[in-house]
Every structure is written in C-alpha cells, then in structure tokens.
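# 3D, please:
(chains A and B)
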2 protein chains.
Amino acid sequence: MTDILEKSQARQRLRSLSEALDSGALKQVSRILNGGLSPSDIAHLLESSPPRQRTLLWNLVDKKYEGDVLQYLGDDIRAYFLSQLNAQELAHILEDFESDDLADLLQQLPDTVIQEVLNTMDDQDRQRVEEVLSYPEDTAGGLMNTDTITVRPDISIDVVLRYLRRHRNLPTMTDSLIVVNRRDEFIGTLPITRLLVSNPTATVREVMDTEIEPIPVGLPDTKVATLFERYDLISAPVVDEQGKLLGRITIDDVVDVIRDDADHSLMSMAGLDEDEDTFAPVWKTTRRRAVWLGINVVTAFTSASVIGMFEETIQQVVALAVLMPIVASMGGIAGSQTLTLMIRGIAVGQVSGDNIKWLLNREFLATAMNGVLFALVVSGAAVAWFGDLTIGLVIALALVINLTLASVVGTLLPLVLKKLNIDPALAGGVILLTTTDVVGFLSFLGLATYFYA
Amino acid sequence: MTDILEKSQARQRLRSLSEALDSGALKQVSRILNGGLSPSDIAHLLESSPPRQRTLLWNLVDKKYEGDVLQYLGDDIRAYFLSQLNAQELAHILEDFESDDLADLLQQLPDTVIQEVLNTMDDQDRQRVEEVLSYPEDTAGGLMNTDTITVRPDISIDVVLRYLRRHRNLPTMTDSLIVVNRRDEFIGTLPITRLLVSNPTATVREVMDTEIEPIPVGLPDTKVATLFERYDLISAPVVDEQGKLLGRITIDDVVDVIRDDADHSLMSMAGLDEDEDTFAPVWKTTRRRAVWLGINVVTAFTSASVIGMFEETIQQVVALAVLMPIVASMGGIAGSQTLTLMIRGIAVGQVSGDNIKWLLNREFLATAMNGVLFALVVSGAAVAWFGDLTIGLVIALALVINLTLASVVGTLLPLVLKKLNIDPALAGGVILLTTTDVVGFLSFLGLATYFYA
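Residues are numbered from 1 along each chain as shown, chains lettered A, B, ... in the order given. As a prediction, the model looks like this:
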C-alpha cells in the first residue's frame, strides 16, 4: 500500500521540491513547481508553508498559473497575496476566472480596487461579474456560475447532439443541460447520461427530468449544501423569484461550503476562525488570540468573585477549596456534551420547534441520572478522603444541581443565541462554561455555608 | 425569500405530514410519506424524530422504499432498523443496493446474518458484494462501486456512442467512461462531455484523458476525499496493485466522508460519536455519557489532589482559593486554541515533520506574549482586589508558566497521540485540560507556598 503511494509521481515531485527548497536550489524549485504540480497542489503547498518559505514559493510560481493557484487558497492567505498586486496585475490574473470565483475574490478587495479591476474588463465580462457580485457571498447567488448550456423543450435530441458538437469544450461539471422556455424560465433538466441513451428523434420535452426543483437565488449556502447532499446532485439550476434561470451551482463549490461549515463549528468553539491560516505569523496570531483570552479573563473573574463571597466558609473548611473545581468541571463536561449535540443538530436541520421539548426532556433525564450516579461516586470519595459526612452531602447536592442545570442551559442556549442572531458555536461554549462555573461554585459553597453555619 | 421557500412543494408536504401525524391521521401520513417525499427526505424526517414517532413513521414507509431510505440514514439509526429485520426481509430490501452501500450496511450486521443474506443472493451479486466486503470500510475499496462502464482505447467515438445507446440507463454519476486494455488495466478516462464534442471518427485513445492518476484500493478514505477536493472530481477509478481496474468512487460517497470527517473532530472533542443519534433514547444517552463523565471524574480528582497538597497555604491565604481557578482556566483556553488549530491542520494534511518546529516556535512566542500581557492584567486586578503585592507576583508568574506550557503541550500532544494511534480529537482535550489544571494549581499554589513561607 505505502509502496503505491511512494511510487506516485505527485508524491515524488513534492519530496524533491522540499529537498530543493532546503538546499536553496531555486531554479530547480521553479522547474518542479511549474512543470509538475497542479494548481491545487501548489495551493496546498503554500498553505502548508511558514510565511518566509511561502513568499519564496509564491514568487517562483509562473505568472500564468497564479490565477488558478489563488482559486484554491484559503481566504486568509489569498487576501494577503491579492493585497500585494496592483489593479492591472489583478485584472490580468483574473481573466480566466469563472464568475462565482471571481466575485468571491473581488469581495475580499477594497471597493476602489474592485472598481479599477472592473474597469479593465470588457462590457460583457463586467456585466457578468457585477451580476454575481450583487448577491451575498453566502447565498445561492454567490455560489452560482453563469456558464449554463440551455435548450428549448420542443427540439429533438438529435438537434441537441449536433448543437453540442459545435462546442469545442463543455463547461466543467456539466452533467445536465437546462431546459428553458422562450422567456428563459426554468422548465426542467436534461441529464447528459440520458441524452446518450435516448432515441435521437424524441424531443427534449419527452426525455427531460422535471423532478428537480430549481434553487431560489437567495437560499443560504448551507441550505444549498443540504439539497446537494440529500439529492446527490452534481449541479443544480438557480432561478430568480419569477422562475427565470440565472445560472447553476456545481458540487465542487458546494463541497467547499460543506467543509467550511463543518470546520466553522470546530474552530469557533475554540474562538478561532474557520479560515484561520495555520501558519499565520506570530504577531497576527498573538493579536487574534488575545481577544479570546480577554473574553475569558472576564468570565474567570466572574467565577472568582463568586468564590470570593465565601472566603469565611473556605477558611473554616479548607477541603471545600480542594473539591470545588470538581463540581464546576463536571457541570462543564455534561453541559458541553449537550451543547455540542445541539449545535450539530441545528446545523444539519434536525432540531426544530417540534422536537425541542422531547430533546430537553431527554437531556434533563439523562443528565439527572448521571448526576445522581456521579453524586454518589464523588461524595463517597470525598467522605473517604476528608472523613466528613457533611462534605459528602454538600458535594452530592451541588453536583446534581449543576449537572441538571447544565443540561437545560446546554439544550436551550444555542436556540436562544440563534434567535438573537449570535453564532452558537462561537458564544455557546463561553456562556455555558461561565454558567456551570458560577452555579457550581455558588451551589457548592452556598450549601456548605448553610450546613457548616 | 422566505416566500419562495414557503411555497416550495417539499416544504408544504413536510408541514402537512407533521400536522397529520399530530392528529393521528395515519392513513394521511402514509399517503404523504409514500406519495410525495424522496427517500432522503424520509430519512431526514426519521433522523429528526424522537423514538416513538420514528418507529411509527418507519412502519408506515412502503416496503418498496425501505431500502432506499435505509441508505440515507445515519449508522446508529440504520443499525437499529436493520436489527428488526430477518435475513429474508433483509435480502429482499438489499436487492437494488449498489455494492459499496450494500457492503457498508452488511458490515453493521452480525456475521451469521451476513452469511444468511449472502446465501439468498445469486452467484454474480454475491461475488460482487464479497469483493467489496473484503476491503476495510474506511478505504478506497470500501467506498467503491463496481458499476463502471469501460471501453477499449482502439475503438472509435462513434462506436462508443452506439454502444452507450444500447443501455437503457447509465449508472448514476457517470461523468466519464474508463479506458482499459485487454488485461483490464487502467489506461485513462473518457469524460462524457468530451465524448459529445469530439469527432465521431476519432479513436478513444486520441480523445481520452490520461492526466488522472487512479486511486489505489487501499488508500484511506480521508485521502480519497482530499484527492476529490483538490482535483474537483466527480468520479475516479480504483485500481489494485497491478493497476487492474476494480471499480470507481463517486462524489456522493466522498461528500459523506468529508461530512463525517469534519463532524468527527467536533463531536469527539466533547466525547461524542460522529454517528450519534440526536434522538437516542434516555437510557442509551445516559450510558454513553456516563463513560465520558467517568473519565473526567478521574481527571478532576487528579487536579483536586494537587490542591490538597497545599491546604495549609490556602488556610493561611484564602485569596489563593479565590484566584486559583483563573490560572487553570486561562491555561486551558490558550491550550485549547493551539490544540484545535493543530487537530485541524493535521486533518487537512498541512502539518508535517517539515514545519512542526516552526509551528512550535510560533505557538510558544504568541502564547508567551499573551501570557505576559494577561499576567499584567490579572495580577493588577488581583493586587487591587486583595491589596497584596505578593499575590500579584505569584499569579503573574503562574500564568506565564501555565500558558507557555499549554502552548507546547497543545502543539506536540496531537502529534504524539497520532504516533500512538490514539485519536487526538477524542483524547487531546481531556489530557490537555488535565495538564493545564494540574500545572496551573501546582505553579500557583507552589509559588504561593514559597513566597508566603
């Protein structure tokens, strides 16, 4: 198995590239870079390189490949390289871009630069790009290409085949032609595989597929991804509110949405951006992380101030200081499990008003049962450790309180945040853990103050 | 925008289904379920339903759709429904499955049931399934279908077109035919779009694409996904070690791998499984969560025992108990950011031996700078709160120690775990947070004991 991979050409080229770079043989690096690697390979190489090596490599990439490579780069890195180019260079590089990729890219640039780039284009191209630019990036309109091949329903398959043969190339990812009427309104699709097996004398109308519902141009990109996943689509037509065909979305762009979307939940929960450059320079990393640490220093002092209310009780029974982090952390763990399940459930569209009551009930019961179980375990250990029955009772009660509350907060918080248009993946964890810390310390130390008074 | 969605047929069907279900109009439910919804819609509906409603719906699904619906269900739920069927029913349902889906499904069943199901098949089907079953589920072999259309290089495009027209249907996701020699060895691919624009008298050899490298049958599924993403593939041929064509992988199965893979990191970090059923019953949820809480109770006691070593110091200076969680939590936050970035970087193949030194250096410097910054902020606040310069000095030192150590552990831990074949997403967080708790309490209380002695 490894043998096959070792032998693979791409692998070997990457290895010799890395060696050439280490030894400073720049001519050789340039030859490998521009001779053997695909644009996506070069992009991956750039994304996997620390800043100095990255700039070096980028300068060695042949001008004619720069545009293709840019398309495959993450937003963060791409924005940096774009900022290094003037409008003339940009316009030249962007010439061969598909309209959706071009629009994505332009949206990262300052308005004055966008205008300069648009000015260098011919009328038709400019119009195409301006149209896509008019839709928000995270909607069907922002994802769509305008390179559709359309046919009328009343012509024969034979005519379609002859029409296609007049093309030198068909657009990539053309798995079906789009059938429209005289007013350019969407009627159906004609899969190419069906075209190949149909009777040439049949009409498009007889053969076409009318099951596929076209995608409204304003549909959020995550919903577009759900449709592609659910119906195993390769491409899908996009229409305006009157049903007029505007363009089509292809699976390669949808895969990027799926990847970004899934990355988003993971990265946000640690306060990171999904487009985070793994090899961002020290200074940039320091600044970005400081914001997250700053938020957490505030929440940490909130918990500390709760403990501060009980200084006297702690002085009286020091064991409380030893055990209090257990109550807080168990609540945090239980709550995080509920929160993560909910965030995923909301993201894939499984959680709704219809079933939230059932979920809240299930989470409450499951966590309460575990609360009782671990209350027994932890209080048993605490009593054995400190030889004090009261501390066992106090920690048992505090654990049950904190865990059950964590389940309720973990279930409802993401829904409330979503209603408020706050990203649950970003803010959910911080709010949940602050809650379980505060409630954990408050219930444990509060009960202790009552029982030891 | 919402208007368009509201009007969509599928939406309306789902709404009336939900209403019919609520009012107990089962006949109506059955009519909507089997008349209007696609198998993937039904699967989504089942996945979004609590157990009782789910069983009710499943029983109303027409026998002839059961197989299709099963294909779209998550592993957890599918395994449950499968366990309710006998071998005869299974074999009947599985008749129309593609070989990769069938193999996936069979792998969830007990060996005796697999044998029974295989026995009910005809020889050709059995052989096809047994072949796919012989490859691990998480490799190219486990993902592949055997429904390829192959052609020889020396025939003309016209002959190919006539050959295709003899089919009633082409396999779904057929974007290219596969060109093989007499020994069934892979030579190249013939994209259908190219077939349509080529001169009918040209030979396959003249028109075919030889740029695509076939996928080795043992390649891990995540690497297959990387190839599809990097080269924007719709389907790709799979070969054995001799280069003989075995089948092909299609983008719909790869999208599932991408989704599962991304979900895996998110869910594992909270100790959940990526196939976790959102609506698992109370008892199952309780048991699964108890395992994770059990692990965390052990780590919580580990931290507590560190605090226990300093009971005397705490009794002397109670402010230490108030401030100590701040040191632990700030270390945990800083470490989690590094850890998450590393887990993502490893998952997408950006992090390797070549750049780990640079990453370690960057993480160390960025976290150390933030460590100094927040040491000043926190110690300033602590001095103002408790009017004690010593406690400011102690917490400042402890914060710098804990944060810098968190950056080193966060960077190296996922690599070490990967070397040991332990999933970094699952074990990384627990180990990291235990480390930052222990080091946080130890450095803070240890330094305090030294300075206040």
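
# Helices along the stretch 301-450 of chain A, start to end?
A:311-316, A:319-347, A:356-386, A:389-419, A:424-452 (DSSP state H, counting those that start in this stretch).

# Determine which of the ones you listed approaches residue A:303 most closely.
Of all the helices of the stretch 301-450 of chain A, helix A:424-452 sits nearest to residue A:303, with 4.0 Å by C-beta to C-beta. Bear in mind the C-beta positions are built from the backbone N, C-alpha and C, glycine included.

# So is the closest one next to chain B?
Yes: using C-beta under 8 Å from any C-beta of the partner chain, helix A:424-452 reaches chain B at residue A:437.

# Tell me how far residue A:266 lies from residue B:337.
12 Å (C-beta to C-beta, to the nearest Å).

# Of the two, which one has the most company?
residue B:337 (27 against 24; other C-beta atoms under 10 Å in any protein chain shown).

# who's in contact with that one?
Residue B:337 makes contacts with A:270-272, A:289, A:292, B:410, as judged by C-beta atoms under 8 Å, 6 or more residues apart in numbering or on different chains.

# in the stretch 101-250 of chain A, which spans are strands?
A:150-151, A:176-180, A:186-191, A:215-216, A:235-239, A:245-250 (DSSP state E, counting those that start in this stretch).

# thinking again about what came up before, want to try a markdown table for the helices of the stretch 301-450 of chain A, with mean pLDDT as columns?
Rendered in a markdown table, the data for these read as follows (pLDDT from 0 to 100):
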| stretch | mean pLDDT |
| --- | --- |
| helix A:311-316 | 94 |
| helix A:319-347 | 95 |
| helix A:356-386 | 96 |
| helix A:389-419 | 96 |
| helix A:424-452 | 95 |
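
# deepest of those, which one?
When you average the neighbours per residue for each of the helices of the stretch 301-450 of chain A (mean count of other C-beta atoms under 10 Å in any protein chain shown), helix A:319-347 leads with a mean of 26.

# How far off centre is that one?
Here the centre of helix A:319-347 is set off from its chain's centre by 25 Å, with C-alpha atoms, centre = their mean, to the nearest Å.

# just stretch A:267-285 next, same as before
Centre to centre, stretch against its chain (C-alpha atoms, centre = their mean), the figure for stretch A:267-285 is 14 Å.

# picking up where we left off before, how about the helices of the stretch 301-450 of chain A, which one is nearest residue A:76?
helix A:424-452 (17.3 Å).

# Taking helix A:389-419 as reference, get the angle to that closest one.
Interaxial angle of helix A:424-452 relative to helix A:389-419 (axes from the mean of the first three to the mean of the last three C-alpha atoms, to 10 degrees): 150 degrees.

# still on that earlier bit, any chance of JSON lines for the helices of the stretch 301-450 of chain A, columns distance to residue A:168?
Formatted as JSON lines, those follow (distance: least, C-beta to C-beta, whole Å):
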{"stretch": "helix A:311-316", "distance to residue A:168": "81"}
{"stretch": "helix A:319-347", "distance to residue A:168": "42"}
{"stretch": "helix A:356-386", "distance to residue A:168": "55"}
{"stretch": "helix A:389-419", "distance to residue A:168": "49"}
{"stretch": "helix A:424-452", "distance to residue A:168": "46"}
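
# Residue A:233: which of these is closest?
Nearest to residue A:233, of the helices of the stretch 301-450 of chain A and by C-beta to C-beta, is helix A:319-347 at 19.6 Å.

# quick one, that closest one and helix B:424-452 angle?
Using the same axes, to 10 degrees: helix A:319-347 against helix B:424-452 is 150 degrees.

# what about burial for the contacts of residue B:337, which qualify?
For the contacts of residue B:337, a neighbour count by 16 or more other C-beta atoms under 10 Å in any protein chain shown gives the buried set as A:270-272, A:289, A:292, B:410.

# For residue B:366, state which of the residues you listed is nearest.
Comparing the buried ones among the contacts of residue B:337 against residue B:366 with C-beta to C-beta places residue A:289 closest, at 6.2 Å.

# The helix or strand where the closest one lies: which residues count as buried?
Counting by DSSP states H and E, the element that carries residue A:289 is helix A:282-308. Neighbour counts over helix A:282-308 (16+ other C-beta under 10 Å) mark A:282, A:284-286, A:288-290, A:292-293, A:296-297, A:299-301, A:303-304, A:306-308 as buried.

# Which ones among the residues you listed also lie next to chain B?
Taking C-beta under 8 Å from any C-beta as the test, chain B is in contact with A:282, A:285-286, A:289-290, A:292-293, A:296-297, A:300-301, A:303-304, A:307-308 out of these.

# Among the helices of the stretch 301-450 of chain A, which comes closest to residue B:153?
helix A:319-347 (46.4 Å).

# orientation of the closest one relative to helix B:282-308 in degrees?
Using the same axes, to 10 degrees: helix A:319-347 against helix B:282-308 is 140 degrees.

# and helix A:319-347 with helix A:356-386, angle?
Using the same axes, to 10 degrees: helix A:319-347 against helix A:356-386 is 160 degrees.

# Spell out, range by range, the helices that occur in the stretch 101-250 of chain A.
A:111-119, A:123-133, A:140-143, A:157-165, A:192-197, A:204-207, A:221-231.

# The second one: how far from the chain's middle?
The chain centroid and the centroid of helix A:123-133 are separated by 27 Å, computed with C-alpha atoms, centre = their mean.

# can you give me the angle it makes with strand A:245-250?
Going by the same axes, to 10 degrees, helix A:123-133 makes 70 degrees with strand A:245-250.

# go on, the fourth one?
For helix A:157-165 and strand A:245-250, the angle between their directions (the same axes, to 10 degrees) works out to 70 degrees.

# what's the burial count for residue A:40?
Residue A:40, neighbours per other C-beta under 10 Å, totals 19.

# Check the one 5 residues further on too.
Residue neighbour count, defined by other C-beta under 10 Å, stands at 22 for residue A:45.

# Dump stretch A:301-312 to CSV, restricted to CA.
Taking Å, rounded to 0.1, in the frame of the first residue of the first chain, the C-alpha atoms of stretch A:301-312 are listed here in CSV:
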residue,chain,number,x,y,z
PHE,A,301,-13.0,36.8,37.3
THR,A,302,-16.8,36.4,37.4
SER,A,303,-16.4,32.9,38.8
ALA,A,304,-13.6,34.1,41.1
SER,A,305,-15.9,36.8,42.5
VAL,A,306,-18.5,34.1,43.4
ILE,A,307,-15.8,32.2,45.3
GLY,A,308,-14.8,35.4,46.9
MET,A,309,-18.3,35.6,48.5
PHE,A,310,-17.5,32.6,50.6
GLU,A,311,-14.0,33.3,51.9
GLU,A,312,-15.0,32.8,55.5
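
# what does it rub up against?
A:314, A:320, A:324, A:328, A:434, A:437-438, A:441-442, A:445-446, A:448-449, B:318-319, B:321-323, B:325-326, B:329, B:381, B:385.

# Those residues of the stretch 51-200 of chain A touching chain B, which are they?
A:72, A:161, A:164-165, A:167-170, A:172-175, A:192-197.

# Now the buried members of these.
If we count by 16+ other C-beta under 10 Å, these have these buried: A:72, A:164, A:170, A:172-175, A:192-196.

# Quick one, grab the pLDDT at the closest residue to chain B within chain A.
Residue nearest to chain B within chain A (C-beta to the nearest C-beta): residue A:262, separated by 2.9 Å. On the pLDDT scale, residue A:262 is placed at 80.

# What of residue A:280?
Confidence score, pLDDT, at residue A:280: 91.

# same deal with residue A:453?
Reported pLDDT for residue A:453: 81.

# what's the answer for residue A:132, then?
76.

# quick one: contacts for it?
Residues in contact with residue A:132 (C-beta under 8 Å, 6+ apart) are A:99-100, A:102-103, A:141-142, A:144, A:146, A:247.

# give me that answer again for 7 Å
The contact partners of residue A:132, by C-beta atoms under 7 Å, 6 or more residues apart in numbering or on different chains, come to A:99-100, A:103, A:141, A:144.

# wouldn't residue A:200 be in contact with residue A:159 here?
No: with contact taken as C-beta atoms under 7 Å, residue A:200 and residue A:159 are classed as non-touching, separated by 8.9 Å.

# Thank you kindly, that will do.
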